[in-house]
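A.B. asks: Sequence first, predicted model second:
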Amino acid sequence: MYFVRPASGAVYDIKLMTDSFVNIEIRIYTVKKTTNETIMTTTTNRRPPKRSPRAAPSPAPVVDEREPRGARRKRETRARLLDAALRLMAEKGMEGVAINEITEAADVGFGSFYNHFESKDAIYSTLVDNVFEEFADMLDRLAGGISDPAEVVAVSVRHTILRARHDPVWGRFLIREGFSAGMLSRGLGQRLLRDIGNGIEAKRFVVADPLIGFLAVGGTVLSAIAAELNYVVPGATAAGVLEELGFDGERLPERTAAMLLQTLGLKRAEAEKVAARPLPAAEETAEED
């Protein structure tokens with residue numbers, strides 16, 4: 001302990017204390033003289049003890065964003081109905097399928113059908129939108145950066161045949177839809193008609209009759225899909241027939257695209273070159289052999 005008495009009469013008591021914490025305690029004694037007594041006042045300046053670290057805040061509660069059970073069941077039932085309708089209509093066509101066949105194949109009650117669709121025409125229209133409109137939109141996105149109308153057609157043809165190879169039910173449904181009354185006004189047919197028209201306008205295609213040119217291209221694509229499904233894909237019903245006839249089923253999408261470009265007016269060498277360009281990748285299709 002140290003005492004310092006300055007001229008002012010104050011006494012500084014500097015005391016070093018040690019306990020669980022190290023503190024420096026400075027006491028300042030101010031001496032006041034009165035007639036009867038001496039009064040000493042004390043002022044203490046002490047460093048506060050260290051505090052334990054503050055606990056980390058608790059994480060915010062996780063909000064349960066799971067789909068309600070009723071909504072999930074409704075969505076799953078609708079998906080089963082669409083899947084059953086696709087498989088049946090790909091095999092028999094819309095006219096050859098009854099609603100009760102769809103509900104039985106989907107394993108749902110007959111009345112449940114009308115909770116999702118007003119009629120058989122309604123579920124067929126939904127199938128066309130889901131199966132073809134979405135695929136056609138995907139083709140438009142893939143071709144968005146392609147300036148050559150011939151390559152646009154080649155990419156669409158190749159991806160369509162590849163999609164059918166990857167999903168045979170889809171391919172068979174496309175074959176039936178391709179010969180329906182709506183082939184010119186919706187889905188892939190509408191896009192193909194537009195793309196051929198763009199090629200004619202750009203003088204890339206030389207077609208005397210655009211309608212017949214469309215029918216020739218569309219019919220060839222559907223025939224190529226049928227050949228893929230019947231002769232080429234693993235487990236095809238007539239596998240081996242092409243080889244017996246002396247034909248080769250390899251690279252069918254690319255070869256089909258090259259032939260169609262020749263039909264639209266390109267020379268053979270150029271058509272084959274365009275059809276062999278790298279194919280923009282899409283999740284919906286498989287790679288060409």
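C.D. replies: Happy to help now that I have it.
A.B. asks: Point me to the helix or strand that includes the closest residue to L184 other than its chain neighbours.
C.D. replies: Once flanking residues are discounted, L184 sits nearest to L193: 6.3 Å by CB to CB, 6 or more residues apart in numbering. Yep, even glycine has a C-beta here, placed from its N, CA and C like the rest. Assessed by DSSP states H and E, L193 sits inside helix 187-201.
A.B. asks: which residues of the stretch 151-289 of the chain fall in helices?
C.D. replies: 168-178, 187-201, 210-227, 241-244, 252-263, 268-275 (DSSP state H, counting those that start in this stretch).
A.B. asks: The ones you listed: which one's closest to I161?
C.D. replies: helix 252-263 (4.1 Å; CB to CB).
A.B. asks: helices or strands next to that closest one in the packing?
C.D. replies: In terms of contacts (3 or more CB pairs under 8 Å, 6 or more residues apart in numbering; DSSP states H and E), helix 252-263 is packed against helix 149-166, helix 210-227, helix 268-275.
A.B. asks: ok, residues contacting the last one?
C.D. replies: Under the criterion CB atoms under 8 Å, 6 or more residues apart in numbering, residues 148, 150-151, 154, 158, 254-255, 257-259, 261-262, 266 lie in contact with helix 268-275.
A.B. asks: Return the set of buried residues in it.
C.D. replies: 271-272, 274-275 (16 or more other CB atoms under 10 Å).
A.B. asks: before we move on, what about stretch 76-91?
C.D. replies: 77-78, 80-82, 84-90.
A.B. asks: likewise stretch 138-155?
C.D. replies: For stretch 138-155, by 16+ other CB under 10 Å, it's 138-139, 142-143, 149-155.
A.B. asks: Now flag whichever of those is closest to Y231.
C.D. replies: A154 (22.3 Å).
A.B. asks: hang on, that closest one packs against A257?
C.D. replies: Yes: with contact defined as CB atoms under 8 Å, A154 counts as touching A257 (4.1 Å).
A.B. asks: mind saving the C-alpha coords of the lengthiest helix in the chain as PDB?
C.D. replies: Taking DSSP state H as the criterion, the chain has its longest helix at helix 69-92. C-alpha atoms of helix 69-92 as PDB (Å, rounded to 0.1, in the frame of the first residue of the first chain):
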ATOM      1  CA  ARG A  69     -51.600 -34.500 -47.100                       C
ATOM      2  CA  GLY A  70     -54.800 -33.800 -49.000                       C
ATOM      3  CA  ALA A  71     -53.100 -31.700 -51.700                       C
ATOM      4  CA  ARG A  72     -50.400 -34.400 -52.100                       C
ATOM      5  CA  ARG A  73     -53.000 -37.200 -52.500                       C
ATOM      6  CA  LYS A  74     -54.900 -35.100 -55.100                       C
ATOM      7  CA  ARG A  75     -51.800 -34.400 -57.100                       C
ATOM      8  CA  GLU A  76     -50.800 -38.100 -57.000                       C
ATOM      9  CA  THR A  77     -54.200 -39.200 -58.100                       C
ATOM     10  CA  ARG A  78     -54.200 -36.800 -61.000                       C
ATOM     11  CA  ALA A  79     -50.700 -38.000 -62.100                       C
ATOM     12  CA  ARG A  80     -51.800 -41.700 -62.000                       C
ATOM     13  CA  LEU A  81     -54.900 -40.900 -64.200                       C
ATOM     14  CA  LEU A  82     -52.700 -39.000 -66.700                       C
ATOM     15  CA  ASP A  83     -50.100 -41.800 -66.800                       C
ATOM     16  CA  ALA A  84     -52.800 -44.500 -67.300                       C
ATOM     17  CA  ALA A  85     -54.500 -42.400 -70.000                       C
ATOM     18  CA  LEU A  86     -51.200 -41.900 -71.800                       C
ATOM     19  CA  ARG A  87     -50.400 -45.700 -71.800                       C
ATOM     20  CA  LEU A  88     -53.900 -46.700 -73.000                       C
ATOM     21  CA  MET A  89     -54.300 -44.000 -75.600                       C
ATOM     22  CA  ALA A  90     -50.800 -44.600 -77.000                       C
ATOM     23  CA  GLU A  91     -51.900 -48.200 -77.600                       C
ATOM     24  CA  LYS A  92     -55.600 -47.800 -78.600                       C
END
